[in-house]
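Undergrad: build the 3D model from these lines:
(2 chains)
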2 protein chains.
Amino acid sequence: MSKKNKTAISPTRDENYPEWYQQVIRAADLAENAPVRGCMIIKPWGYALWENMQASLDKDFKKTGHKNVYFPLFIPKSYFEKEAKHVDGFAKECAVVTHSRLEASSEGGLAPAGELDEPLIVRPTSETIIGEAFARWIQSYRDLPLLTNQWANVVRWEMRTRLFLRTSEFLWQEGHTAHATEEEAMAETKQMLDIYVNFVENMLAIPVIPGRKTESERFPGAEETLTFEAMMQDRKALQGGTSHFLGQKFAKASDITFMDKDGQEQYAWTTSWGVTTRMIGAMVMVHSDDNGLVLPPRIAPSQIVILPILKDDETKEKVLEYCESLKAELENKAFGDGFLNVEMDTRDLRGGEKLWHWIKHGIPMFLEIGPRDVDSNALVVGRRDKDPKERGPQSREEFLSTVVDQLEEMQQGLFDKAKAFQQEHTVRIDTKEEFYKFFTPKNKEKPEIHGGFALAHWNGSAEVEEQIKKDLKVTIRVIPNNSEAEEGKCVITGEPSKQRVVFAKAY
Amino acid sequence: MSKKNKTAISPTRDENYPEWYQQVIRAADLAENAPVRGCMIIKPWGYALWENMQASLDKDFKKTGHKNVYFPLFIPKSYFEKEAKHVDGFAKECAVVTHSRLEASSEGGLAPAGELDEPLIVRPTSETIIGEAFARWIQSYRDLPLLTNQWANVVRWEMRTRLFLRTSEFLWQEGHTAHATEEEAMAETKQMLDIYVNFVENMLAIPVIPGRKTESERFPGAEETLTFEAMMQDRKALQGGTSHFLGQKFAKASDITFMDKDGQEQYAWTTSWGVTTRMIGAMVMVHSDDNGLVLPPRIAPSQIVILPILKDDETKEKVLEYCESLKAELENKAFGDGFLNVEMDTRDLRGGEKLWHWIKHGIPMFLEIGPRDVDSNALVVGRRDKDPKERGPQSREEFLSTVVDQLEEMQQGLFDKAKAFQQEHTVRIDTKEEFYKFFTPKNKEKPEIHGGFALAHWNGSAEVEEQIKKDLKVTIRVIPNNSEAEEGKCVITGEPSKQRVVFAKAY
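TA: As a prediction, the model looks like this:
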């Protein structure tokens, strides 16, 4: 595996990016396709990533006053139909429960029986069922703001699925809040976007462009959808999460009213916001290389693996003892909100096989320790963000005094590298011709490789969005927060525009 | 509310136990019935209990080498049918997904469309879908043991539901493991029961009787089901959780085989084990009183609430400052695996109303602090395990030095009280007449009040189980682990028996 020009993952990113992605996930044992169409099985190494994401975000949510709740998996069809745009957005892709048991059928085997009076929808999102409860819980301005979140599974019946990026069932959190005023609800919507952006940049080392969606890209029923977009290594965009200002639309659909301080009945202002297991896919695509998964140390299930080299019975005990004491010392080092997590792999495998197992799993650091290292109080250190051949000896003392700094440096390095890549492939474009050229693949055999993100002016019309979607499969990903107002002309129509937006092909 | 003979919960336990249970949950804001038949909404205070249970058990599972995974919500009907007894056990109560979208119907509104080729069952438990993956993941003895767990929602279509105790959807964890030998699988089954019993007794302060189920009470498809039973305050039994030894049955149904050390192909031995949100219901029923919920300090979302008495603007600042510093000091005190959690309730409510809010929520300790307490560096301390009228002043210094001990004493006190109750209502019975009398309610208007647990001999036959179930609604809850072998005669038939078993009415 470590021979020149041979990579652990085949095909490489250059050869076939979509297939490389599948193979990275497979080699890292993150997840696999389930026998149920469009669903996935999340394996231990992948689920540990999700648990770390949950722990970090959950702390942020609680710090800002949100409390966790749990609402039913099933939504009665009549609830689902309450908000017209909402049901339009989800009706085409929802799992419908129609029966409550199985019975022996005349054709042999079992058949659905006990038909329900009203079909139940497996939640694709929970605004409508949560709205019903909010309407009961909220009576007075004293009950506001109401700040809730739930960690749950949801189902959207997708036709073309891809592990983590698009699956029929996925795991997520959905925050749902109600407020007395428009200002407060908008402040909440923005706060939650900030929490997401901070998490994704600091924990997952993924640089993002925060902003808002165009009307046609909004969540079905939302008045404003805030979002953040990241660039993958094939230069396509991936939406990382969304925070919706729902105005009073859902409050009106569910009759969420309250008595204000003046004794007047008012509709509440609501928000909802969510991130999903999709973030795992984004992380895989942003950082991994042709040797497999690369994990930012702060989110990795373990930061370090110790690989004892157990050559003979004579030295075995000595090596294991040295490794155990090193492991204990490392696990006492503070890192992030806790301590370093360290694996020790004592399986009876060839050294190279073991080493490459962990490289493909993306572990940030690997330590090889044999009898001679024990004698010289040293170890061989490899870093996942460098070429495996660059691994080399360090004294135990030196390693222990620098390990946390090295991991933090790696975390920052991964972010910087991804940021540089994003900037390199983000281009200001001012003519239609240039725009079409930018998004047209140079090599027809690799349609996934094109320009990247185009920062261009837009006249604000849905017609332009439709046209470029049809012609180029390009959409407006985000109207960025921090791009300065700038007079210009729509790149497609030449009409006046006041700000550049981010155009890209997207996952 | 604090007047003599008036209780915060109406009806009292004596007046109407089932209704008292519903009212305790309602007054404590733990959960409520959802508009979806048989489902519940778990509110913040109730969900926080579940999060604490999850955190404690998850740590135990990981310490014993289990890794978390996530399997699909849906199980194809053909998988479900693989193990005959298993499908028999669940076919009568499963939600069936038959369609993948909604479409405008000719009758107006939306109707299910996109019929699936094969119906999908919303998982009632995941042995069959996990078995399929285990069959792929396990090739050699080197892959064993395989130790997994998932935290998930499951659905069993119940006809008569009751919050936490029996709901169509509930939350649980389900552990699934595979082993090379029968002995290892049985050791795992026992280990997980021990973990549950330890958790329930030490964290939830519920004394239990561990043991095994009779054949007719086993999990559908299991070769042995280990369980633990607790006594509620109406003397009925509640099954707390189960750990199943599945033998090779599921391995054969799913073709889970491995190459052993001698190169022979063998079927694996599997186990599964789970506990659910039902534990919350058990905790409510074991400890609560006629003033509402009583929470054991180790599982309570917060151990202490501070109730500042804010009479006038003059003293307000002084009182709040005192309370804030007290809160900070308390939150630095180690308790359980972390630190004390302290609430501060500054809402503008009458003092009595605020106090009773927290009593009904079961908070272990409540501190009332007014201007005079600040002046004398004191506080008024109330404990949920005592009469609210017994609350009285303590010096701040004394309170701070004893608070953790007081909470631990309360934890132990709740356990001891429940244990004494269980022992008081557990009776050795040796005649059929006495047995029938024991389980016949003395007061027809309160059919729920009867004898309790009967320790009696049993001839081992399912016929006897059927008869007493029919006559008395009594079942054999558990064949206890630690009751000594004792020659005797079946309490119903007079036939020989070697051990007493626990008979009871059950939830």
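Undergrad: all helices for the stretch 401-507 of chain A, in order.
TA: Ranges of helices in the stretch 401-507 of chain A, per DSSP state H, counting those that start in this stretch, are A:432-438, A:462-472.
Undergrad: of those helices, which is nearest chain B?
TA: Among those, helix A:462-472 comes nearest to chain B, with 22.5 Å by CB to the nearest CB. In short, each C-beta sits where N, CA and C put it, glycine included.
Undergrad: and that closest one, what's buried?
TA: Of the residues in helix A:462-472, those scored as buried under the neighbour-count criterion (16 or more other CB atoms under 10 Å in any protein chain shown) are A:Val464, A:Glu465, A:Ile468, A:Leu472.
Undergrad: doesn't A:Lys437 make contact with the last one?
TA: No. Look at A:Leu472 against A:Lys437 with CB atoms under 8 Å: they stay out of range, at 10.4 Å.
Undergrad: quick check: phi and psi on the closest residue to A:His179 other than its chain neighbours?
TA: Once flanking residues are discounted, A:His179 sits nearest to A:Ala185: 4.2 Å by CB to CB, 6 or more residues apart in numbering or on different chains. Geometry field for A:Ala185 lists phi and psi as phi -60, psi -40, criterion degrees, to the nearest 10.
Undergrad: how many other residues sit next to A:Ala185?
TA: Other residues within reach of A:Ala185 by the criterion other CB atoms under 10 Å in any protein chain shown amount to 26.
Undergrad: quick check: it touching A:Thr270?
TA: Yes. Between A:Ala185 and A:Thr270 a contact is recorded at 6.6 Å, counting by CB under 8 Å.
Undergrad: what touches both of those two?
TA: Counting by CB atoms under 8 Å, 6 or more residues apart in numbering or on different chains, the contacts common to A:Ala185 and A:Thr270 are A:Thr177, A:Ala178, A:His179, A:Leu246, A:Gly247.
Undergrad: for these, which single residue is the most surrounded?
TA: Highest neighbour count within these: A:Ala178, with 30 neighbours (other CB under 10 Å).
Undergrad: can you tell me which helices and strands the helix or strand where that residue lies packs against?
TA: Under the assignment given by DSSP states H and E, the secondary-structure element containing A:Ala178 is strand A:169-179. The elements that strand A:169-179 packs onto, with contact taken as 3 or more CB pairs under 8 Å, 6 or more residues apart in numbering or on different chains; DSSP states H and E, are helix A:44-63, helix A:127-137, strand A:146-155, helix A:182-202, strand A:269-276.
Undergrad: how far away is the residue lying closest to A:Ala334 once chain neighbours are set aside from A:Asp385?
TA: On the basis of CB to CB, 6+ apart, the spatially nearest residue to A:Ala334 that is not a chain neighbour turns out to be A:Val404, at 7.4 Å. When CB to CB, to the nearest Å is the yardstick, A:Val404 and A:Asp385 sit 15 Å from each other.
Undergrad: do A:Pro207 as well
TA: The span separating A:Pro207 from A:Asp385 equals 16 Å under the rule CB to CB.
Undergrad: before we move on, what about A:Ile369?
TA: A:Ile369 sits at a distance of 21 Å from A:Asp385 (criterion: CB to CB).
Undergrad: so between those two, which is more surrounded?
TA: Neighbour totals were compared for A:Ile369 and A:Asp385, and A:Ile369 leads with 22 against 19 (other CB under 10 Å).
Undergrad: mind listing what the nearest residue to the more buried one once chain neighbours are set aside touches?
TA: Once its chain neighbours are removed from consideration, A:Ile369 has its nearest residue in A:Leu379; the separation is 5.0 Å (CB to CB, 6+ apart). With contact taken as CB under 8 Å, 6+ apart, A:Leu379 is in contact with A:Leu326, A:Leu367, A:Glu368, A:Ile369, A:Asp373, A:Pro393, A:Gln394, A:Arg396, A:Phe399.
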